[in-house]
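Engineer: need a structure here:
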Amino acid sequence: MRFEHTIRVNAPRDRAWALLMDVPAVARCVPGTEDVTATGPDTYRGAVRVSVGPIRLRLEGDITVTEKDQATGQAAMRLDAADRGVGGTVRAELRMTLTEAEAGSELRLVTEATLAGRIGDLGQPLIKRQADKIASEFARCLERTLGVGA
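Structural biologist: The predicted structure follows:
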């Protein structure tokens, strides 16, 4: 599955970049995220609780920053997570591009996700709606965290 989201942030690019590259801090903007901790250089472990339709998931896994280039505003992360209760896995490649915009910055997120097991049976329209909802809440949290109002 492919998800694309564009988020406008009313903050300078350098300030937004610093937050986006602080994985534990920016993870707090993802609804349902539990403690995210560093396990090494550019590697992290954490969990997120999310509901997709009638199914409640607790995905535990690893995040690896695979690319970061402040000069171009591009970064990439790999996420590998599993839910033990429902059964299934999520593997995602997230690419971010942060550019200057007229009123701050623009963040473009492109996610390629593979869902396996029961998680994959939930249906693409249902999963897309939840991804859009999470992206919207993420955008509002970025604004609040950067202290520039939503």
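Engineer: buried ones in stretch 66-81?
Structural biologist: Lys68, Gly73, Ala75, Ala76, Met77, Leu79, Ala81 (16 or more other C-beta atoms under 10 Å). For every residue, glycine as well, the C-beta is placed using N, CA and C.
Engineer: how much space between the fifth one and Asp42?
Structural biologist: Yep, that's Met77 we're talking about. 9 Å (C-beta to C-beta, to the nearest Å).
Engineer: any shared contact partners between these two?
Structural biologist: Residues within reach of Met77 and of Asp42 at once, by C-beta atoms under 8 Å, 6 or more residues apart in numbering, are Thr64, Val65, Thr66.
Engineer: Nearest to Cys29, out of those: which one, please.
Structural biologist: Nearest to Cys29, judged by C-beta to C-beta, of the shared contacts of Met77 and Asp42 is Val65 at 16.3 Å.
Engineer: Just give the closest residue to that closest one, not the sequence neighbours.
Structural biologist: Spatial nearest neighbour of Val65, chain neighbours left out: Asp42 (4.0 Å); criterion: C-beta to C-beta, 6 or more residues apart in numbering.
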